[in-house]
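Enquirer: Structure for this input, please:
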Amino acid sequence: MPVFVAGSRRTRNQGLLKAWSTPGIVWITKWNSIHTVAMHFTIDVAYLDRDQRVLEIVRYRPGRVGRPRFRARSVLEAEPGIFEEFGIIPGTVFSPHPATAASPTESVPTDAPLPAAS
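Expert: Residues are numbered from 1 along each chain as shown. Presented below is the predicted three-dimensional model:
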């Protein structure tokens, strides 16, 4: 599962707003809240603390505004069910480079623009 790191102000502000589907997991750094206004699909959001430990996972439908999680330092956005599929639950420490990955290309963080909507 590719992980796209949105670390710059431009990529953090964009997030998944222009996408029609989730290209993988989007890790928005230095952020503690999200919204799905103008989005076209439902997403799951995992709030991470400073140690990348998952605090909470919430499912948001389009047009919602999430309340800030003051202990959160970043968020993960993904299509519904992806976190469960990969065993990411509250208490899990998220790592974009799992030591047990089958291939080093499965989780490659990048601050490149997300794939364009098709």
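
Enquirer: Might one say that residue 59 is in contact with residue 42?
Expert: Yes - with contact taken as C-beta atoms under 8 Å, residue 59 and residue 42 are classed as touching, separated by 6.4 Å. Glycine gets a C-beta too; all of them are placed from N, C-alpha and C.

Enquirer: list residues touching both of the two?
Expert: Taking C-beta atoms under 8 Å, 6 or more residues apart in numbering as the contact criterion, the common neighbours of residue 59 and residue 42 are residue 80.

Enquirer: Name the nearest residue to residue 70, sequence neighbours excluded.
Expert: Spatial nearest neighbour of residue 70, chain neighbours left out: residue 32 (6.7 Å); criterion: C-beta to C-beta, 6 or more residues apart in numbering.

Enquirer: What score does the one you found have for pLDDT?
Expert: Each residue has a pLDDT score; the one for residue 32 is 85.

Enquirer: Please report the distance of it from residue 67.
Expert: Here the distance between residue 32 and residue 67 works out to 10 Å (C-beta to C-beta, to the nearest Å).

Enquirer: Please say which of the two ends up with more neighbours.
Expert: The neighbour count for residue 32 versus residue 67, taken as other C-beta atoms under 10 Å, is higher for residue 32 (19 against 8).

Enquirer: Name the SS class of that one, please.
Expert: With DSSP: H, G, I helix; E, B strand; the rest coil as the basis, the three-state label of residue 32 is coil.

Enquirer: show me what contacts the residue nearest to residue 70?
Expert: With contacts taken as C-beta under 8 Å, 6+ apart, residue 32 has the following neighbours: 47, 68-75.

Enquirer: How about residue 71?
Expert: Counting by C-beta under 8 Å, 6+ apart, residue 71 touches 32, 47, 49, 55.

Enquirer: Torsion angles phi and psi at the third one?
Expert: Torsion angles at residue 49 (phi, psi; degrees, to the nearest 10) stand at phi -90, psi -170.

Enquirer: And for it, the neighbour number?
Expert: Around residue 49 there are 15 other residues, counting by other C-beta under 10 Å.
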